[in-house]
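Q: using only what follows, build the 3D model:
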Amino acid sequence: MNEKLKQTGRTTKLLFEAIKLWVNQEKVCVVFANFHDRERYEKKINLIISNMRCLFNNNLQNIQFVCSDDISWNWFNMTYRGFCPSTKYFIDHSAIEKRFGTILTELHRFDPK
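A: Numbers count the residues shown, from 1 in each chain. Take a look at the predicted model:
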């Protein structure tokens with residue numbers, strides 16, 4: 001992983017975008033690299049959206065949170081088996097780096113420093 005990109009707020013930005021779509025009544029799924037991250041962010045976001053529900057629409061569905069190593073997650077078409085086709089997916093950078101780290105390293109091997 002690129003050290004310059006650590007602690008730059010990428011996951012926070014991703015979650016804010018997911019919440020924006022959720023407020024607009026979109027079906028949203030956030031994909032994390034592991035159970036620990038998924039659980040941690042799910043708790044934070046569910047607390048936020050539970051407080052927002054009364055401001056918008058009590059019938060809004062929850063944002064879905066899954067792990068990229070779950071058997072139902074498909075990296076090829078970037079969908080989760082059983083979810084609505086109109087679901088919007090947000091994939092955390094850590095999930096991509098975990099799955100494709102070697103490819104990303106090779107991709108950036110000769111990048112200018």
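Q: what distance do you get for residue 91 to residue 107?
A: Residue 91 sits 17 Å away from residue 107 when distances are taken as CB to CB, to the nearest Å. (Each C-beta comes from the backbone N, C-alpha and C, glycine too.)
Q: who has more neighbours out of these two?
A: Looking at residue 91 and residue 107 with other CB atoms under 10 Å, you find the greater number of neighbours at residue 91, namely 19 against 10.
Q: tell me who's in contact with that one.
A: With contact taken as CB atoms under 8 Å, 6 or more residues apart in numbering, residue 91 is in contact with 30, 31, 68, 78.
Q: bridged to the closest residue in space to the last one that isn't next to it in sequence, which residues?
A: To tie it back to what came earlier, the one meant is residue 78. By the measure of CB to CB, 6 or more residues apart in numbering, the closest residue to residue 78 outside its immediate chain neighbours is residue 89, 5.8 Å from it. When bridges are assigned using DSSP bridges, the partners listed for residue 89 are residue 29.
Q: skip the chain neighbours and tell me the closest residue to the spatially most central residue of the chain.
A: To find the centre residue of the chain, average its C-alpha atoms and take the closest one (CA atoms, centre = their mean): that gives residue 30, at 3.0 Å. Nearest non-adjacent residue to residue 30, counting by CB to CB, 6+ apart: residue 90, 4.8 Å away.
Q: one step back: mind listing which of the contacts of residue 91 are in strands?
A: Among these, the residues falling in strands (DSSP state E) are 30, 31.
Q: give me the buried subset of the contacts of residue 91.
A: Among the contacts of residue 91, those that count as buried by neighbour count (16 or more other CB atoms under 10 Å) are 30, 31, 68.
Q: quick check: pLDDT value at the last one.
A: This means residue 68. The pLDDT attached to residue 68 in the predicted structure is 96.
Q: good, we can wrap up now.
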